[in-house]
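Asks: Quick one: sequence plus predicted model below, questions after.
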Amino acid sequence: MCKVLGVSRSGFYNWLTHQPSTQELRKRKVQERIRYHFNDSHGRYGAPKITFLLQQEGYTLTERTVGLYMRELGLRSCVSRKFK
């Protein structure tokens, strides 16, 4: 099966027994909170406001990190400007 998929045997067994690191677990928690705040705001909040909300919850993140995570998740804020 490994030959068909083009994967080495050691690579397959490494993937099979892989345990997520603490950094990976933290990233998943942060992405879950980002998705929550984004959906709670009906897709209006961008990285600056979500960063502020996460910092109030006790996470230490930069706006750039939140923006990169939002891009990974495919989240983009949609705010229409008022007609003048």
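Replies: Arrived safely, thanks for sending. All values reported here derive from a predicted model rather than from experimental measurement.
Asks: and Ile50, what does it touch?
Replies: Ile34, His37, Phe38, Val66, Met70 (C-beta atoms under 8 Å, 6 or more residues apart in numbering). (Glycine included, C-beta is placed from N, CA and C.)
Asks: The residues you listed in helices, which ones?
Replies: Per DSSP state H, helices hold the following members of those: Ile34, His37, Phe38, Val66, Met70.
Asks: Pick out whichever of these sits closest to Ser80.
Replies: Ranked by distance to Ser80 (C-beta to C-beta), the ones in helices among the contacts of Ile50 are led by Phe38 at 16.8 Å.
Asks: tell me the contacts of the closest residue in space to that closest one that isn't next to it in sequence?
Replies: Ranked by C-beta to C-beta, 6 or more residues apart in numbering and with sequence neighbours excluded, the top spatial neighbour of Phe38 is Leu75, at 5.0 Å. Leu75 makes contact with Ile34, Arg35, Phe38, Gly43, according to C-beta under 8 Å, 6+ apart.
Asks: Distance-wise, check the first one relative to Arg9.
Replies: If I follow you right, that is Ile34. Distance of Ile34 to Arg9, given as C-beta to C-beta, to the nearest Å: 37 Å.
Asks: Can you pick out the residue with more neighbours from those two?
Replies: Using other C-beta atoms under 10 Å as the criterion, Ile34 and Arg9 rank with Ile34 on top: 26 against 10.
Asks: quick one, what contacts the more buried one?
Replies: With C-beta under 8 Å, 6+ apart, Ile34 has these contacts: Ile50, Leu54, Val66, Tyr69, Met70, Leu73, Leu75.
Asks: residues in contact with the fourth one?
Replies: Contact partners of Tyr69, counting by C-beta under 8 Å, 6+ apart, are Lys27, Val30, Gln31, Ile34.
Asks: returning to that earlier point: out of the contacts of Leu75, who's the most crowded?
Replies: Tallying neighbours with other C-beta under 10 Å puts Ile34 at the head of the contacts of Leu75, with 26 neighbours.
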